[in-house]
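Q: Sharing a model prediction with you, sequence too.
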Amino acid sequence: MAKTVIMPRFGMTQEDATIVRWIKNEGDRVEAGDPICEVTTDKINMEVEASADGFLAGIRYPEGATVPVTEVIAYIVAAGESLPASRLAPPAADASSGSAPGIAGDRTGPQVSATPVARRMANAEGIDLAAVAGSGQEGRITRQDVDRYLASPPGQIASVEPGKVRATPAARRLARESQVDLGQVPGSGPQGRVQGWDVRAVVEKMAPGPAPVPQQPPAAQPSGGTQPEAIKLEGMRRTIAHRMQASWQQIPHITFTLDIDMTRAMAMRQQFNARFGGEKPSVSMTAVVVKACAAALRLHPLVNSYFRDDRVLVMPDINVGVAVALEDGLIVPVVRNADAKGLYQIGQEVNDLARRAREGSLRSDDVVDGTFTLSNLGMFGIDHFTAIINPPQVAILATGRIARRCVPDETDRPAMRSLMTVTLSVDHRAVDGAGAARFLADLKTILETAGAQWG
């Protein structure tokens, strides 16, 4: 009996992954555990392994396709075995008749059990929910089911209303605001689905150009007549670009900046490292900030949340992601349950995760389920910057370098202090300004009173 190969889920927040390349080809012999294709998420590249011994068959998606998690991407069959007809037929229509279920009345009527979000998406996309398989409790259709249906291979979307353009909610909103006809926008999403960035590209082309100027002689070409180098966004870089653009367009960011006196935190770190000598790895300032963030998040659980399906999900665990720059992008390994760990253990984990991130040896468990992110550019001499939220998280903290500055002391006399500028970006749908300000105030207190109890 044919075995399925599905797009795996590498974390609870992952919804899809992109097939980078097929390592095995149609008809190749495989053994259980053999890597058959490489996929990428916004966090990491991973290999999908064969689920059984046999021959790879029925590859359903080409390289470059973005596939929802748990979707079947191929099959493994025994020698001489062929795929059952049911595996080859489109799931949403009767392949023998070549016809699709008719669309009559309300496409999302009460006779179909579906979540409110799924109904809104179906109405927006012109989908008959009766043709969508539900994965929720008692077969209820969820948002993920509608996404999976929209991402089906050609010929499998059977009940899209004629003339209806498939587009994401963000794309529809941008089209309305910019007075763009969605029917004229080429879609780059699964099966031509129009994405927000597709509409933005059309809007930019529509923008009036600069006023004409008198014709000038052609500008001199660079030495040797060289042309600009075109770098195509692929793999991790492409996924990051799309995710960050979507985050900036869809999340109402609000930012808060303050200076923190790091004098005591620096002294505590120095004493901590001196205490252990060369027997243990040194604790970085990043580890100190991770520890402080975890303590502040325990006081402000709303900042340690996800925003999904118009709901704020307060997460029970505090998992702090630490952004690490790579040559081809950015990766965010996670320190799990950071509030329950001592400074030494956090320091070890931060060093180990950063090293393995640069070596390309991170595991999927290292980069998933983060609930809050820290991005530190102090080592590059940056004083202040603003970071973009990594959805579905609702907050990210950007920290600059620790610099000696002259500021007034308690008696308003000039004094030198080691200050670090931090900027908190929050999703204003989930966190109000006062809540974000209180979080920063407590983070400041924690760092400015850092003591031996951190060990």
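A: Alright, I've got the coordinates.
Q: What part of the chain, helix or strand, is modelled with the least confidence?
A: Lowest by mean pLDDT, DSSP states H and E among the helices and strands of the chain is helix 85-88, with a mean of 50.
Q: Would you map the helices across the stretch 51-200 of the chain?
A: Assigned by DSSP state H, counting those that start in this stretch, the stretch 51-200 of the chain shows helices spanning 85-88, 116-125, 143-150, 169-178, 196-206.
Q: would you list every one of the strands in the stretch 251-400 of the chain?
A: Taking DSSP state E, counting those that start in this stretch as the test, the strands found in the stretch 251-400 of the chain are 253-261, 305-308, 311-314, 320-322, 324-326, 329-331, 334-335, 372-376, 395-408.
Q: Out of those strands, which gets the lowest mean score?
A: Mean pLDDT is lowest for strand 329-331 among the strands of the stretch 251-400 of the chain, at a mean of 81.
Q: same for that one, what does it pack against?
A: Applying 3 or more C-beta pairs under 8 Å, 6 or more residues apart in numbering; DSSP states H and E, one finds that strand 329-331 makes contact with helix 235-250. The C-beta positions use only the backbone N, C-alpha and C, and glycine is treated the same way.
Q: And the average pLDDT for the helix it packs on is what?
A: 81.
Q: And it, how far out from the chain middle?
A: 7 Å (C-alpha atoms, centre = their mean, to the nearest Å).
Q: can you check stretch 230-240 too?
A: Worked out by C-alpha atoms, centre = their mean, stretch 230-240 lies 14 Å from the chain centre.
Q: Lowest average pLDDT across the helices of the stretch 51-200 of the chain?
A: Mean pLDDT is lowest for helix 85-88 out of these, coming in at a mean of 50.
Q: Just give me how far stretch 431-447 sits from the chain centre.
A: 25 Å.
Q: Need the residues that contact it.
A: Residues from elsewhere that reach stretch 431-447, judged by C-beta atoms under 8 Å, 6 or more residues apart in numbering: 254, 256, 258, 260-262, 264-265, 288-289, 292-293, 295-297, 299-300, 302-303, 305, 394-395, 397, 422, 424, 426.
Q: From these, list just the buried residues.
A: 256, 260-262, 265, 288-289, 292-293, 295-297, 300, 302-303, 305, 394-395, 397, 422, 424, 426 (16 or more other C-beta atoms under 10 Å).
Q: Just the ones of those in helices?
A: 265, 288-289, 292-293, 295-297 (DSSP state H).
Q: wait, which of those is closest to residue 9?
A: Nearest to residue 9, judged by C-beta to C-beta, of these is residue 297 at 25.1 Å.
Q: Which residues are in contact with that closest one?
A: Residue 297 neighbours (C-beta under 8 Å, 6+ apart): 303-304, 318, 320, 339, 371-372, 439.
Q: do residue 352 as well
A: The contact partners of residue 352, taken as C-beta under 8 Å, 6+ apart, number zero.
Q: what would the strands of the stretch 251-400 of the chain look like in CSV with distance to residue 45?
A: Compiled in CSV, the strands of the stretch 251-400 of the chain are given as follows (distance: least, C-beta to C-beta, whole Å):
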stretch, distance to residue 45
strand 253-261, 28
strand 305-308, 24
strand 311-314, 27
strand 320-322, 17
strand 324-326, 11
strand 329-331, 10
strand 334-335, 17
strand 372-376, 20
strand 395-408, 23
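Q: Quick check: which of those strands is nearest to residue 36?
A: strand 329-331 (23.9 Å).
Q: Just checking: what are the partner strands of that closest one?
A: Its sheet considered, strand 329-331 pairs with strand 324-326 (antiparallel) by DSSP bridges.
Q: Show me which residues of the partner strand are buried.
A: Those would be residue 324, for strand 324-326 by 16+ other C-beta under 10 Å.
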